[in-house]
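Participant: quick one, structure for this:
(one chain, ligands or ions: 1)
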Amino acid sequence: MKGKSPGRANLIRGRFARGRLPEVEAFTASLPFDRRLYRHDILGSIAHARMLARVGLIRPAEARAIERGLGQIEQEIESGKFRFVTSDEDVHLAIERRLIAKIGEAGRKLHTARSRNDQVALDLRLYLRDEIQNVDELIRVLRASLIRVARRNLDTTMPGYTHLQRAQPVSLAHHVLAYVEMLERDRERFAQALARTNVMPLGAGALAATTLPIDRKMVARELGFKQLAHNSMDAVSDRDFAVDFLSAAALLAVHLSRMSEELILWTSSEFGFAVLPDEFSTGSSMMPQKKNPDLAELIRGKTGRVIGDLMAMLTTLKGLPLAYNSDLQEDKERVFDALDTIKPALDLMAKLWTALRFDRAAMRRAAGGFALATDLAEYLVARGMPFREAHEIIGALVRETADSGRTLEELSLAELRRYSHVFAADALSVLDADHSVARRTVTGGPAPRTNEKRIKELDR
Ligand code: ARG
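Facilitator: Next up, the predicted model:
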């Protein structure tokens, strides 16, 4: 016989006279990356086998043999003894072939009423269900490290920026708690992704379910799913849950990139608001003085990958006809890559915030000056002046003060009164950055008391 033999190595080539070209085998295999699903594949197969025994499609002793065999295979994989070969195509066939080699006839019954199409959908959902919970835990750790910084800096006054120009004084706590709010929304999005992931597809078969009397509810119970996929064609072709996860991951990565940028700015000599600990800095191969924020830069930079993972997944799904198509095999690497990027980024970001040392005096110095102009305008408004008039008066005051090379805190009451007779002795106390922050007690404002209250809510 010429050409490759169909090969006893592969379980599903009964209808073929010849084997595949090796380069076709290599190009189409998912085994190099879907091996990562082995634990969840085994978990799903055990639940399936128990169900097959319960409904009488296999004998209880066969189900026990399958379960035992799969347990051993799991150990073989974990200890590195398992031999993965590309001719197996994917993790599903690799494990099934090994099971048959180990336990014989009973192993050949495992795939009853099942296709790799519903199997892989199940595996990825089981895997992602665990991983989304791991991501949530990492977000909680980062959130806790931010809240710790906030709690210690309720009255650390610093400039708030718009257009990266000093705008009004805020506190470091207020600034950091803004990121906590982003993370709160990220957690909601991951929780929604988890809910959409937590649906049980097994029983859909290749696309059209099965004539055999299976019990999908039992499998769902065994695996802790609250919901069954309602339509077998949707069940094998739906990857919306992967898109939901990737979109939550992309937005989280965007948030981390903003945080990174802020740390890069703060630790620059230009800002000098914080010092980068040695453990988190990199040197330059040429310039001996350099202390570079590579970690923050790369967290910022890797955002591109995660957004790319989302775009790639959406593009893979676009225009796909029902039901399963091999294009869907591309889902896994996108999910894995996003996980492998955001998990260490979250972990390191939490450590970085914890290690950061702030120069509170530098922050305070930068917070005053013209950033108090709005407070002066509000002083006039509080005493009955229309805001537009106050805005114009203080605008002129700022222009003339800046032109003469001075700043607002240097002005005397007599000088203020040259702009408006509404200014009285208490006007000078407005020209203090700490006081300015403390007075903004409105809900959502930066006053220490207000943020203390928000931290209490977040702690619940
Ligand atoms: N390796 C495949 C995947 O990752 C499993 C399902 C394959 N089904 C098929 N009919 N080729 O999606």
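Participant: any residue of the longest helix along the chain touching the ligand?
Facilitator: In the chain, with assignment by DSSP state H, the single longest helix is helix 116-152. Yes. Using Cβ under 6 Å from any ligand atom, helix 116-152 reaches the ligand at 116-117, 120. C-beta: built from backbone N, CA, C; applies to glycine.
Participant: any chance of those residues in TSV, plus pLDDT?
Facilitator: Formatted as TSV, these follow (pLDDT from 0 to 100):
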residue	pLDDT
116	98
117	98
120	98
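Participant: can you give me the buried ones in the next helix or strand after the longest helix of the chain?
Facilitator: Scanning forward in sequence from helix 116-152 by DSSP states H and E, the next helix or strand is strand 157-162. Residues of strand 157-162 classed as buried: 157-160 (neighbour count, 16 or more other Cβ atoms under 10 Å).
Participant: how about stretch 36-50?
Facilitator: Buried-residue list, stretch 36-50, by 16+ other Cβ under 10 Å: 36-38, 40-50.
Participant: can I get that stretch as CSV, trimmed to CA atoms?
Facilitator: This file holds the C-alpha atoms of stretch 36-50, laid out as CSV (Å, rounded to 0.1, in the frame of the first residue of the first chain):
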residue,chain,number,x,y,z
ARG,A,36,-4.2,23.0,28.7
LEU,A,37,-7.8,21.8,28.9
TYR,A,38,-6.9,18.3,30.0
ARG,A,39,-8.3,18.5,33.6
HIS,A,40,-11.6,20.0,32.4
ASP,A,41,-11.8,17.4,29.6
ILE,A,42,-11.4,14.6,32.1
LEU,A,43,-13.9,16.2,34.5
GLY,A,44,-16.5,16.4,31.7
SER,A,45,-15.8,12.9,30.6
ILE,A,46,-16.3,11.5,34.1
ALA,A,47,-19.7,13.3,34.4
HIS,A,48,-20.7,12.0,31.0
ALA,A,49,-19.7,8.4,31.8
ARG,A,50,-21.6,8.5,35.1
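Participant: hmm, it touching the ligand?
Facilitator: No. On the criterion Cβ under 6 Å from any ligand atom, stretch 36-50 is out of touch with the ligand, staying 8.7 Å away.
Participant: pLDDT of that stretch, averaged?
Facilitator: On average, the pLDDT along stretch 36-50 is 98.
Participant: centre of the chain to it, how far?
Facilitator: Centre-to-centre, stretch 36-50 and its host chain are 26 Å apart (Cα atoms, centre = their mean, to the nearest Å).
Participant: contact residues of the stretch 101-250 of the chain facing the ligand?
Facilitator: Counting by Cβ under 6 Å from any ligand atom, the residues of the stretch 101-250 of the chain close to the ligand are 116-117, 120.
Participant: try it again at 5 Å.
Facilitator: Counting by Cβ under 5 Å from any ligand atom, the residues of the stretch 101-250 of the chain close to the ligand are 116, 120.
Participant: now do the same for residue 109: its pLDDT.
Facilitator: The model reports residue 109 with a pLDDT of 98.
Participant: got the buried residues for the worst-scoring helix or strand of the chain on mean pLDDT?
Facilitator: The weakest-scoring helix or strand in the chain, judged by mean pLDDT, DSSP states H and E, is helix 427-430 (a mean of 94). Residues of helix 427-430 classed as buried: 427, 430 (neighbour count, 16+ other Cβ under 10 Å).
Participant: contacts for it next, please.
Facilitator: Applying Cβ atoms under 8 Å, 6 or more residues apart in numbering, the contact partners of helix 427-430 are 372, 375-376, 379, 413, 416, 435-436.
Participant: and with 10 Å instead?
Facilitator: Contact partners of helix 427-430, identified using Cβ atoms under 10 Å, 6 or more residues apart in numbering, comprise 372, 375-380, 382-383, 408-409, 411-413, 416-417, 420, 423, 435-436, 439.
Participant: and residue 99, what element?
Facilitator: Per DSSP H and E, residue 99 falls inside helix 91-103.
Participant: give the buried residues for that helix.
Facilitator: Buried residues in helix 91-103, counted by 16+ other Cβ under 10 Å: 91-100, 102-103.
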